[in-house]
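**Q** below: sequence and its predicted model.
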Amino acid sequence: MDRRKFLGSASAAILLAQQPHAVFAQGRKKGVMLMNRIGPSSSALYIANADGTDERKFPQDSIFEYHPCYSSDGKWVLFTSERNGLGNSDIFRCAPDGTGIHAVVTGPSVDDAAVLSPNGSRVAFVSTRDGYRANIWVLDLKGGQMRNLTGAADVQGDPAGPDGFFRPAWSPDNQWLAFSSDRNTDWRGHDAPNGWEHTQELSIYVIGANGQGFRRIASKPGYCLGSPKWSPDGKRVVFYEITTEQTWGARRPEAVASVVSQIVSVDATSGERVEHTSGPGLKVFPQFLSATEIAYHQKGGPNQGVVYTSGRPGFKGALRSPSWSPDGKTVIYEKVVFRTWKQNQPLYSWDPDREYRYTDVFPALSRDGKLVLTEKDSNSSIAIMDPDGSNRKRIFEVQGSGLEPAMVQVGLAGAFAPAWSPDGNWVAFGLGEWFQMRRTGTAKIMRVRRDGTGAEALTDGSVHSGFPSYSADGKQIVFRVLGQNVAGLRILNLEDRTTRVLTTEYDNLPDWSPDGKRIVFTRRVDAVNFDIYTIRPDGSDLQRLTTNRANDGHAVWTVDGKIMWNSGMYGFREEAALYDNTFQPYGQIFIMNADGTGKRILTDSLWEDSMPLYVPADRK
């Protein structure tokens, strides 16, 4: 299926690009949006000698900082910070001793990966402002003017594609910027055709600081080329090179140690190519320290840390995003932590009417105001609580349920996607193995009473069943099935326990509307694309609500009959191989009317945001 056929003048991308950013405000009129985020729980900057000695925090009051970059004269350090709210990426700079911190670029957009021009007059950075896609912007520090350097139509490429621009680097003469981009590439799932999550194919481009002379200087089909840096004489550009497929493993903890990349440079004029490394290891963030020496970061595995092509001593450590001083004597880097956030942790809000707070996965609210969710942050059991996280009680314990403990421990098995019955007396959920394990594992629909008693199976587990949702009258449950020769949505009659077929396509994640008239779900429309659909419970009036070339999924109804969902339609906001411990770092939360109109974005972060739930003000 050619997804371009579904992109017209009123495409979702155009509709959403016209929506202005919401501003951060105090005093939320409509309550809270609970949401799940996959990203680091903290990130701090450190500075050390080039061999790793004399490490110390940088700056001392580091709050949530990452992606540092020395200026070419060594007088400044630029970095990204979330000190204005978790999830809101702004750009700051300070002196090399960590003093004199002040904001350079702030706002509700993602502003990241900043680099100061060699003459100190301009800052180039990545931003999602003015359209939500990652582009290269340039700020004139004296006059304050900003320009989207990659915003021209002939630079953007196919508007239906990922079309992101990342990791800018100034040439020594201030005249050119090098960067990576996945323009004119298609979305491709990992482990084709099984992987829902996408890989990334990047090439290296240059553009004049005046917006002219755009051209590609390095590309390799099936490969991702990223994080370019110029040589001291401005003749060569160095970058890392990894297969497109391995950009998935590079951000997954179970695979990162086995990923292999190399450090390569090309002549910016002739394209003449030199490979500077060989052998195993994921090598990223290269930087020329001299005409003959390149420093880089080896990510993951027992040898992760800082390495020099000259052979001089580096150092090991779980660091990220290193940037070396011009004289090569010091290096600044980040250290990230992935810990469980507490339920209802405040987050930056892009909505003036709602607070944003963190939640564990698959949250659902009963009509009388009780929150139920899967405790993915612990062992994927089912718990209920008040919306503010108080009065928490586990009503279904995964331990002892028959699931393989090793699968539960790594998050591949558990009790997923709880759903309230309309009367609030029952919670239905799927119990079994999930994610890639669904191909060979089993799962069944269960329910348990609100007080934790009466747990019973509603399906026999002969077909992998999951993601239940109750009808408005509480007499039926819709769920999805997946097996070697079976797929689609099924409706279970709770009175006589009969099951009827609703759909037979590769459909998932159904959710029954509050008024009982429609069911929203995700459908795979071709090998790599998933979109949002609705259907009547009798199988009539199938409607497709999204048509973009990225993944759309995890759609849920709001109480007033709107649909919130997760989409990657604006593409990556960073090079995929540089992320950690994440699946869909391009995912953001959106909302639309039940007929697919009125689409707008609700988050604009560097991280994977999903699992939204509106909680009214009187219940937060």
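**A** Thanks, I have it.

**Q** use CA for all of it now, contacts and neighbours both
**A** OK.

**Q** now the helices for the stretch 401-550 of the chain?
**A** Assigned by DSSP state H, counting those that start in this stretch, the stretch 401-550 of the chain shows helices spanning 405-409.

**Q** same thing with the chain?
**A** Taking DSSP state H, the helices of the chain run over residues 12-17, 153-156, 246-249, 405-409.

**Q** touching the second one from outside, list them.
**A** Helix 153-156 is touched from outside by 150, 163, 183, 214, with contacts defined as C-alpha atoms under 8 Å, 6 or more residues apart in numbering.

**Q** thinking the first one is in contact with Trp137, fair?
**A** Yes. Because the distance of 7.4 Å satisfies C-alpha atoms under 8 Å, Thr150 is recorded as touching Trp137.

**Q** looking at those two, which one has more neighbours?
**A** More crowded of Thr150 and Trp137, by other C-alpha atoms under 10 Å: Trp137, with 22 against 19.

**Q** so the more buried one bridges to which residues?
**A** Under DSSP bridges, the beta-bridge partners of Trp137 are Phe125, Asn148.

**Q** how close does it sit to Ala152?
**A** 12 Å (C-alpha to C-alpha, to the nearest Å).

**Q** quick one: contacts for Arg147?
**A** The neighbourhood of Arg147, defined by C-alpha under 8 Å, 6+ apart, consists of 137-139.

**Q** can you check Pro537 too?
**A** By C-alpha under 8 Å, 6+ apart, the contact set of Pro537 is 502, 517-519.

**Q** what about 10 Å?
**A** Going by C-alpha atoms under 10 Å, 6 or more residues apart in numbering, Pro537 touches 471, 478, 490-491, 502, 512, 516-519.

**Q** ok, Ile47 touching Asp97?
**A** Yes. If you go by C-alpha atoms under 10 Å, Ile47 and Asp97 touch, sitting 9.3 Å apart.

**Q** can you list residues touching both of the two?
**A** Counting by C-alpha under 10 Å, 6+ apart, the shared contacts of Ile47 and Asp97 are 58-59.

**Q** of those two, who's got more company?
**A** Ranked by neighbour count (other C-alpha under 10 Å), Ile47 and Asp97 place Ile47 first, with 24 against 13.

**Q** leaving out chain neighbours, which residue sits closest to the more buried one?
**A** Spatial nearest neighbour of Ile47, excluding adjacent residues (C-alpha to C-alpha, 6 or more residues apart in numbering): Ile332 at 4.4 Å.

**Q** beta partners for that neighbour?
**A** Note on Ile332: beta-bridge partners Ile47, Ser323, judged by DSSP bridges.

**Q** do the one 4 residues further on as well
**A** Each beta-bridge partner of Val336 is listed here, defined by DSSP bridges: Ser43.

**Q** so what's it up against?
**A** Neighbour list for Val336: 39-45, 64-66, 318-320, 580 [criterion: C-alpha under 10 Å, 6+ apart].

**Q** neighbour-wise, which of those leads?
**A** Within the contacts of Val336, Tyr66 tops the neighbour count with 29 neighbours, counted by other C-alpha under 10 Å.

**Q** looking at the chain, which residue reaches furthest from the middle?
**A** Residue farthest from the centre of the chain, counting by C-alpha atoms, centre = their mean, is Asp496 at 42.7 Å.

**Q** gap between that one and Arg536?
**A** Relative to Arg536, Asp496 is positioned 21 Å away (C-alpha to C-alpha).

**Q** also Val306?
**A** 57 Å.

**Q** looking at the two, which is more packed in?
**A** Neighbours around Val306 and Arg536, counted as other C-alpha under 10 Å, are more numerous at Val306. The numbers are 25 against 17.

**Q** how near is that one to Arg312?
**A** 11 Å.

**Q** any shared contact partners between those two?
**A** Going by C-alpha under 10 Å, 6+ apart, residues that sit against Val306 and also against Arg312 are 50-51.

**Q** run through this protein and note the low-pLDDT ranges.
**A** 1-28, 620 (pLDDT under 70).

**Q** next one: stretch 244-263 to chain centre, how far?
**A** 17 Å (C-alpha atoms, centre = their mean, to the nearest Å).

**Q** span of that stretch from start to end?
**A** In terms of C-alpha to C-alpha, the two terminal residues of stretch 244-263 are separated by 15 Å.

**Q** how about stretch 580-599?
**A** 30 Å.

**Q** if you count neighbours, what's buried in it?
**A** 580-594, 596, 599 (16 or more other C-alpha atoms under 10 Å).

**Q** give me the number of residues near Gly411?
**A** Neighbour count of Gly411, defined by other C-alpha under 10 Å: 17.

**Q** over to Pro221?
**A** Applying other C-alpha under 10 Å, we find 10 residues neighbouring Pro221.

**Q** can you pull out the strands in the stretch 151-300 of the chain?
**A** For the stretch 151-300 of the chain, the strands defined by DSSP state E, counting those that start in this stretch cover 165-170, 176-181, 203-208, 215-218, 223-230, 236-243, 262-267, 273-275, 282-288, 294-299.

**Q** separation between Pro172 and Ser321?
**A** Counting by C-alpha to C-alpha - Pro172 and Ser321 are separated by 21 Å.

**Q** which residues touch Gly452?
**A** When contacts are counted by C-alpha under 10 Å, 6+ apart, Gly452 touches 382-384, 393-397, 426-427.

**Q** now for the residues you listed: which two are most distant?
**A** Within these, Glu397 and Trp426 form the most distant pair, 15.4 Å apart (C-alpha to C-alpha).

**Q** hmm, back to that, just to check, the residue nearest to Ile47 is in contact with Glu65?
**A** No. With contacts counted by C-alpha under 10 Å, Ile332 stays clear of Glu65, the gap being 11.6 Å.

**Q** quick one on the thing from earlier: would you reformat the strands of the stretch 151-300 of the chain as a markdown table and include mean neighbour count and distance to Ala413?
**A** As requested, those are exported to a markdown table (neighbours: other C-alpha atoms under 10 Å; distance: least, C-alpha to C-alpha, whole Å):
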| stretch | mean neighbour count | distance to Ala413 |
| --- | --- | --- |
| strand 165-170 | 27 | 36 |
| strand 176-181 | 26 | 36 |
| strand 203-208 | 22 | 38 |
| strand 215-218 | 18 | 43 |
| strand 223-230 | 26 | 32 |
| strand 236-243 | 26 | 30 |
| strand 262-267 | 21 | 36 |
| strand 273-275 | 14 | 43 |
| strand 282-288 | 26 | 29 |
| strand 294-299 | 26 | 28 |
